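Participant: Turn this into a model:
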Amino acid sequence: MSQKFANSLDRILTLELVRVTERAAVAAARQRGHGDEKSADQAAVDAMRRELNQLPVQGVVVIGEGERDEAPMLFIGEEVGLGRGPRVDIALDPLEGTTMCAKNQPNSLAVVAIAEQGGLLNAPDVYMDKIAIGPGYPQGIIDLDATPTENLQALAKAKGVPISAITACILDRPRHARLIDEVRHAGASIRLIGDGDIAGVIHTTTPDETGIDIYIGVGGAPEGVLAASALRCMGGQMQGRLVINRPDQIERALRMGITDVHKKYSMEDMAQGDVLFAATGVTDGNLLRGVKFNGERIITDTVVMRSSTGTVRWIRADHVDRAKLA
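Facilitator: Residues are numbered from 1 along each chain as shown. Here you go, the predicted model:
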């Protein structure tokens, strides 16, 4: 990594990157609980795009709202930023957990990750099989090629507790019925979540607070890259493998430069080099509090972190509600 790039990241790491997720979160929060997922997502996308285009970078969206034909804004391959400064890859989810926002349920977030050009996996919008744990364990104790029972046994041994003291976070989906049965048969507890697997992965980094030791299961590949970016900064281990079965999915992956669709990706494969990650809460959750509207003020709760320094900043900001004052 060049010193010039590092110095540029230092500037972005300040309020500039935080502002991107704050504005998206506030825009989505205005639609919170209204039951309209599309309106909430579009509001977050519009706000995030405006702020990204104010960053002093030459950015390309590698994880976005879909491909050009599917997403009018923040599509994969879209160029953002002021067109000067470092060349960066950008992965984003303007509204992680659209259903949770629409229903005003916990753990909806606005999320962005930035890395030097070529640092983030350009993953197609397909499913990814994932496994993740937080920091403090020997390398290699989890493996996608091991059974869920074997992974739980290895984690429990490394933690020095019985399997009954381990809690796995799993998306509540019909496709996970056999996984859920095996985890329970092994003796572990399960925290089922309806959506938001970025937050689910991040929760493994603070098991004493969240009660979650391991994330297992199939979720979105774009969310997998964003979760890997966060773990690079906070510490932990993660593996992912694309779930690609159809010819059109294989063709899409090839177009995006993926030649081995069955490759097992490590956390470092998905997020290389110096990575910045920021997330702002839209609804209240274990990681972040949601946006609060208080008269003419808006309160936001954001975490911003960097992999090369291990710095994690928690920012609770008080803003003037300009929309209300207008």
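
Participant: Test my guess that Gly200 contacts Asp213.
Facilitator: No - in this structure Gly200 lies outside contact range of Asp213 using CB atoms under 8 Å: 11.8 Å. C-beta here means a position set from N, CA and C on the backbone, and glycine is covered the same way.

Participant: out of these two, which sits in the busier spot?
Facilitator: Remark: of Gly200 and Asp213, Gly200 carries more neighbours, 28 against 24, as counted by other CB atoms under 10 Å.

Participant: which element is the more buried one on?
Facilitator: Element membership for Gly200, per DSSP states H and E: helix 197-202.

Participant: other SSEs contacting that helix?
Facilitator: Here helix 197-202 touches strand 87-96, strand 109-116, strand 127-133, strand 167-171, strand 214-220, helix 221-234, going by 3 or more CB pairs under 8 Å, 6 or more residues apart in numbering; DSSP states H and E.

Participant: now the residue nearest to Leu17 when sequence neighbours are not counted: how far from Leu52?
Facilitator: In this structure, Leu17 finds its nearest non-sequential neighbour in Ala278, 4.9 Å apart by CB to CB, 6 or more residues apart in numbering. Separation of Ala278 from Leu52 (CB to CB, to the nearest Å) stands at 12 Å.

Participant: For those two, work out which one has more neighbours and name it.
Facilitator: Neighbour count, other CB under 10 Å: between Ala278 and Leu52, Ala278 has more, with 30 against 26.

Participant: For the helix or strand where that one lies, which strands pair with it and how are they oriented?
Facilitator: Element membership for Ala278, per DSSP H and E: strand 275-281. Using DSSP bridges, the strands paired with strand 275-281 in its sheet are strand 109-116 (antiparallel), strand 297-306 (antiparallel).

Participant: and those strands, which is most packed in?
Facilitator: strand 109-116 (a mean of 28; mean count of other CB atoms under 10 Å).

Participant: Helix 221-234 and that strand, what's the angle between them?
Facilitator: On the basis of axes from the mean of the first three to the mean of the last three CA atoms, to 10 degrees, strand 109-116 is oriented at 70 degrees to helix 221-234.

Participant: and strand 109-116, average pLDDT?
Facilitator: Averaged across strand 109-116, pLDDT comes to 95.

Participant: Distance from the chain centre to that strand, please.
Facilitator: Strand 109-116 sits 8 Å away from the centroid of its parent chain (CA atoms, centre = their mean, to the nearest Å).

Participant: could you check the angle strand 87-96 makes with it?
Facilitator: 170 degrees.

Participant: Would you report the backbone torsion angles of the residue nearest to Lys264 when sequence neighbours are not counted?
Facilitator: Closest residue in space to Lys264, ignoring its immediate chain neighbours: Arg241 at 5.1 Å, by CB to CB, 6+ apart. With angles defined as degrees, to the nearest 10, Arg241 sits at phi -140, psi 130.

Participant: ok now do Arg241, which residues does it touch?
Facilitator: Contacts for Arg241 (CB atoms under 8 Å, 6 or more residues apart in numbering) come out as Met128, Asp129, Leu144, His262, Lys263, Lys264, Tyr265.

Participant: which one of these sits closest to Ala221?
Facilitator: Closest to Ala221 out of the contacts of Arg241 is Met128 (3.9 Å), distances taken as CB to CB.

Participant: Count the neighbours of that closest one for me.
Facilitator: Met128 has 27 neighbours, counted by other CB under 10 Å.

Participant: For Gly119, see how far away the closest residue in space to Gly219 that isn't next to it in sequence is.
Facilitator: Of all residues not flanking Gly219 in the chain, Asp197 sits nearest, at 3.9 Å (CB to CB, 6+ apart). With the distance defined as CB to CB, Asp197 ends up 22 Å from Gly119.

Participant: out of those two, which sits in the more crowded spot?
Facilitator: Ranked by neighbour count (other CB under 10 Å), Asp197 and Gly119 place Asp197 first, with 27 against 22.
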